[in-house]
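# here is my input; please provide its structure:
(one chain, ligands or ions: 1)
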Amino acid sequence: MQALDGNAIAGSLAEVFGADMTMAVGRCVHCATRSMIAELAVYPRVPGPVARCRTCGNVVMVVIEFHGGVEVRMDGFELERPPATV
Ligand SMILES: [Zn+2]
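Numbering: from 1, shown residues only. Sure, this is the predicted structure:
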C-alpha cells in the first residue's frame, strides 16, 4: 500500500487539537526518532488512518473517524512542542 504523509490526517488533527498539527514535532516512543507529524508515513485504513514512524515502522498515531466526530490516539508519539495556535 502506498504511504501518504502526515498532511493526509491534518484535517482530523486540526479538528481534535484546534490547530494545524502538521508542523508539530514529536518523538517516536519506540525508537526515539524525532519527526514532524507531516513527515510520518500515513496509511489510509478503515475506520481511520494510522500514522507510522518512518524509521522503525511502529504505529505512532491512530485516527478514529466515527459518525459526527474524530478521535486521535497518540500513544506511540510524544509531542515535544505544542502546535502554534491558528
Ligand atoms: Zn520509531
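# mind listing what residue 41 touches?
By C-beta atoms under 8 Å, 6 or more residues apart in numbering, the contact set of residue 41 is 3, 4, 5, 51, 52, 53, 54. In short, each C-beta sits where N, CA and C put it, glycine included.
# got a list of what the fourth one touches?
This points to residue 51. Contacts of residue 51 (C-beta under 8 Å, 6+ apart): 6, 9, 37, 40-43, 59-63, 77.
# just to be sure, it is in a helix?
No: read with DSSP: H, G, I helix; E, B strand; the rest coil, residue 51 is strand and lies in no helix.
# how far does stretch 55-74 sit from its chain's centre?
7 Å (C-alpha atoms, centre = their mean, to the nearest Å).
# and that stretch, anywhere near the ion?
Yes: on the criterion C-beta under 5 Å from the ion, stretch 55-74 is in touch with the ion at 55, 56.
# ends of that stretch, how far apart?
17 Å (C-alpha to C-alpha, to the nearest Å).
# do a quick rundown of the strands in this structure.
4-5, 25-28, 34-36, 41-43, 50-52, 59-66, 69-73, 77-79 (DSSP state E).
# mean pLDDT and distance to residue 15 added to those, as CSV?
Converted to CSV, those look like this (pLDDT from 0 to 100; distance: least, C-beta to C-beta, whole Å):
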stretch, mean pLDDT, distance to residue 15
strand 4-5, 97, 18
strand 25-28, 96, 18
strand 34-36, 96, 19
strand 41-43, 97, 16
strand 50-52, 97, 15
strand 59-66, 93, 10
strand 69-73, 93, 5
strand 77-79, 95, 17
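# residues from the chain in reach of the ion?
Close to the ion, as judged by C-beta under 5 Å from the ion, the chain has residues 28, 30, 31, 33, 53, 55, 56.
# what's the burial count for residue 45?
Residue 45: 11 surrounding residues under other C-beta atoms under 10 Å.
# likewise residue 25?
Residues near residue 25, counting by other C-beta under 10 Å: 16.
# this completes my enquiry, with thanks.
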